[in-house]
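J.: Let me see the structure of the following:
(chains A, B and C)
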Amino acid sequence: MAYVAVKGGERAIDNAHAWLAEDRRGNPDVPDLGTDQIREQLGRSVDRVMAEGSLYDPDLAALAIKQAQGDLIEAAFLLRAYRTTLPRFAASMPVETDQMQVRRRISAVFKDMPGGQLLGPTYDYTHRLLDFTIAAGTPPPKPAEMPAEPVAIPHVHGILDHEGLIERDTPAGGEPFDLTREPLAFPAGRDLRLQALARGDEGFLLAMGYSTQRGWGGTHPFVGEIRVGEASVFLTPPELGFEIDIGDITLTECQMVNQFAGSRTVRPQFTRGYGLVFGHGERKAMAMALVDRAMRAQELGETVAAPAQNVEFVVSHCDNIEATGFVEHLKLPHYVDFQSELETIRRMRADAIGDILQEAAQ
Amino acid sequence: MTGYNFAYLDEQTKRMIRRALLKAVAIPGHQVPFGSREMPLPYGWGTGGIQVTAAVLGPNDTLKVIDQGADDTTNAVSIRRFFARTAGVATTTRTAEATIIQTRHRIPEQKLHENQIIVYQVPQPEPLSRLESSRIETTRMHGLAEYGLMHVKLYEDITRFGHVSLSYDYPVMVNDRYLMAPSPIPAFDNPKMDMMPALQLFGAGREKRIYAIPPYTKVVSLDFDDHPFRTTRAPHACGLCGATDSYLDEVVTDDRGGRLFVCSDTDHCETHRDVGHVGSEGVAA
Amino acid sequence: MSDETLLSARGLNLHFGTIPALVNVDADLWPGEVLAVVGESGSGKTTLLNVLSGRMAAQSGVVWYRDTAGRIADVHAMPQPSLRALHRSDWGFVQQNPRDNLRMGVTAGGNVGERLMAQGSRHYGDIRAEAIRWLEQVEIDADRVDDLPRTFSGGMLQRLQIARTLVTHPRLVFMDEPTGGLDVSVQARLLDLIRGLVARFGIAAVLVTHDLAVARLLAHRVMVMQRGVVVETGLTDQVLDDPQHPYTQLLVSSVLQA
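T.: Have a look, this model is predicted:
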């Protein structure tokens, strides 16, 4: 038998990609999906891809979702790989979330407060019954409308702050860390941790946050406030020297009120965990706030024992683009290493048999 | 390709990577953190190697990309195409003709020369990672050159198996100072790293580390005096070219235990056949 | 006994908030001498051990060590690598809980051999032979050399820790309640063993214990601590048979009643 080494990697890849394109399109008798339809009708997917893709652009996120056949991690990956090529013009000012155009704002710690409870578009109180009128394409009923009144909606933690009951934000000095430009390093400051969480996988953070509620690093959390809405982004171009508004982005912010720290000598105060994500993503924002607070254990003098409190563990593993790459790379060929394993185990087995024979002979 | 810079990465990023490379060359075997960028290929597919290659690649370079020693494996094809597309550089499968060789899991059989750079793709740059999970701790161990733990691992292997059970990614001491992961090359390739005339660069994208071995640097595989480091290869000749000194892949030819052993380094095998060598299962070139 | 101390401390002070752990503590240790630091929990004795060994910094005061070449080093001013090298070679530390010091997933031989390998030993056979020799010194059967510590009893674990610590022939060993947490019968055997090893190899030791019987058996001299203050110090028999300070008298009498 004459053996010819396997060839044809080039052709195999081309063919695979062509097949993939056909598979993506599906049955051609069904109309092609427009990215505008995805942007408008799969908004929560678009938001998640923007958050984990770390790029605020609903049109590109919609394209990524279409290109990835709805695989949201793959879509976030496409967005990240695009984002990485973009020039960085400037850093924005911190967004003023208390100035947000709020469409939803709830607090679990007060029945009512300045600005009120505003339910907004939420699944919270829907009955999870499949709605076949949606399949039939029946237009939805028109929601009630009322004239918008410019009401101030201050942050709930500000109410607690009047009495000194809750820790204050300590303004960070200088530019925040950017882990897309600088390599991750430990010990990781809170700016770095929050950035990693904001980009992190929703499922991972959900499980980590959940674990803190089940005794693995409990933080005794209350939802101080969740708000969803549009916030203006300002930046100060050096050539102008004053702030300009460059547009609005949708954000979800969660301020968690957590167990207090203090002692007989230091007056106790509630502590805080913080979550902020692009788009409408309450689950992620809440989980992020839980994990942010859990990772402050050391700073607050608590025992660090649970996974969610371990900064190195959480920050090193929350990124789904890194995780999916490394898990899935196992399907790349490893036969050279496996060959050396084969030789090693054969040699060991041969030696082991030798020992047995030697013993038997004695 | 329109819309992208030469070799994909913008020039600022390349400068940042080159600074890391210079530091890495200055401190052989030391892992230098760098601002690894997100790449259009997944982590684990060679994002570190690609970034290093992109940072050192010039328009006159000739690039060779191998995976498992072969130019034709899908991942090698994909990366070679990436640079052909984004940088328009010449590519080759000939080891001797390449100025830059990006590799996953092998070092070519042919001795590399001074005008070449070999870029390794590295999944896990930390050689102590399997013994100590905290990077805070391993960084301290490197800083203080406290590597007793690695020898404990070798001691335990010999005690349990009679041999060191590591067969690839076998740890090395570089320049008598830093313990280094050679990337998952088979231990067979480790001796090639010692006093290599070519510059060796290592990129770990997901772990955001770069390290290097300058030309003609001492690289020693860890061992004990009475259990010296040994390389292993399948005890056969290549079925295609008859080579007895190359690392071999084992190819399953039927379901009755049939096996064929062939060179893992496809260029080495072809070159050997081009000059007239034929193995037991091969056809003359 | 040499007239030059091996380890000396002067004016050590350390407070945890308002709680005094060390108050103007002086200490001296001569080569080959065993010094017991006794007191109740909270007396500052473990803190003193940590400060003397450089593992914890005092707020004021100084600790000197005289190395094999006769050079005097300020323990707390030493660069980290030198201090760690000292801890791996000339010094040893025996923890109350051997699990804090041993590698539970590594064989007994590997545990004992680690310090040798860290010092550069590169001959497997020699390392293993030395490990076996040390297992025998601490009365562990040589055929347990390839077993994992998790199969060992509490007393064996403590003896394994001692072998792991002494294998590099340290001149100075710090011991934190080495017999704490063990059954009385196991304690007696271990104390006997420690006394024999310390005498045979001329090891100096600082021994922290709340148990006056342990101090009496092992120590040449005793320091009694109360709320961070050294209230009495002297030869072991002298302090324990004729205590001068009311607190020492209380400690001694409470043992007799028990």
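
J.: rest of the way, CA atoms for contacts and neighbours
T.: Fine.

J.: burial count for the closest residue to chain A within chain C?
T.: Nearest to chain A in chain C, going by CA to the nearest CA, is C:G17, at a distance of 10.0 Å. C:G17 sits with 7 neighbouring residues when counted by other CA atoms under 10 Å in any protein chain shown.

J.: and the residue positioned nearest the centre of chain A, backbone torsions?
T.: A centroid search over chain A (CA atoms, centre = their mean) returns A:G200, at 3.5 Å, as the residue closest to the centre. As for A:G200, its main-chain torsions (degrees, to the nearest 10) stand at phi -70, psi 170.

J.: give the contact list for it.
T.: Shown in contact with A:G200 (CA atoms under 8 Å, 6 or more residues apart in numbering or on different chains): A:E52, A:C318, A:D319, A:N320.

J.: how near is the third one to chain C?
T.: The reference is to A:D319. Relative to chain C, A:D319 is positioned 31 Å away (CA to the nearest CA, to the nearest Å).

J.: With A:P31 instead?
T.: The spacing between A:P31 and chain C, counted by CA to the nearest CA, is 61 Å.

J.: Kindly report the same for A:V233.
T.: With distances defined as CA to the nearest CA, the gap from A:V233 to chain C amounts to 46 Å.

J.: ok, now A:M208?
T.: Counting by CA to the nearest CA, the gap between A:M208 and chain C amounts to 28 Å.

J.: Would you enumerate the residues in contact with that residue?
T.: For A:M208, the contact set (CA under 8 Å, 6+ apart) comprises A:A287, A:V291, A:P307, A:A308.

J.: from those residues, which single one is nearest chain B?
T.: For these, with chain B as the reference and CA to the nearest CA as the criterion, the closest is A:P307, at 13.2 Å.

J.: hang on, the closest one packs against A:F313?
T.: Yes. Applying CA atoms under 8 Å, one finds A:P307 in contact with A:F313, separated by 6.8 Å.

J.: Overlap in contacts, those two.
T.: Residues touching both A:P307 and A:F313 by CA under 8 Å, 6+ apart: none at all.

J.: Between the two, which is the more surrounded one?
T.: A:P307 (18 against 13).

J.: hey, where'd the strands end up in the stretch 51-200 of chain C?
T.: Secondary structure of the stretch 51-200 of chain C, counting by DSSP state E, counting those that start in this stretch: strands at C:60-66, C:72-74, C:91-94, C:172-176.

J.: For chain B, which of those is the nearest?
T.: Using CA to the nearest CA, the nearest of the strands of the stretch 51-200 of chain C to chain B is strand C:91-94, at 16.1 Å.

J.: and the closest one, what other elements does it pack with?
T.: Using 3 or more CA pairs under 8 Å, 6 or more residues apart in numbering or on different chains; DSSP states H and E as the contact definition, the elements that strand C:91-94 packs against are helix C:154-166, strand C:172-176.

J.: redo that, cut-off 6 Å
T.: For strand C:91-94, the helices and strands in contact under the criterion 3 or more CA pairs under 6 Å, 6 or more residues apart in numbering or on different chains; DSSP states H and E are strand C:172-176.

J.: What separation is there between the residue nearest to the centre of chain A and A:G209?
T.: Here A:G200 is placed at a distance of 13 Å from A:G209 (CA to CA, to the nearest Å).

J.: Equivalent analysis for A:K66, please.
T.: In this structure, A:K66 and A:G209 are separated by 30 Å, where distance is defined by CA to CA.
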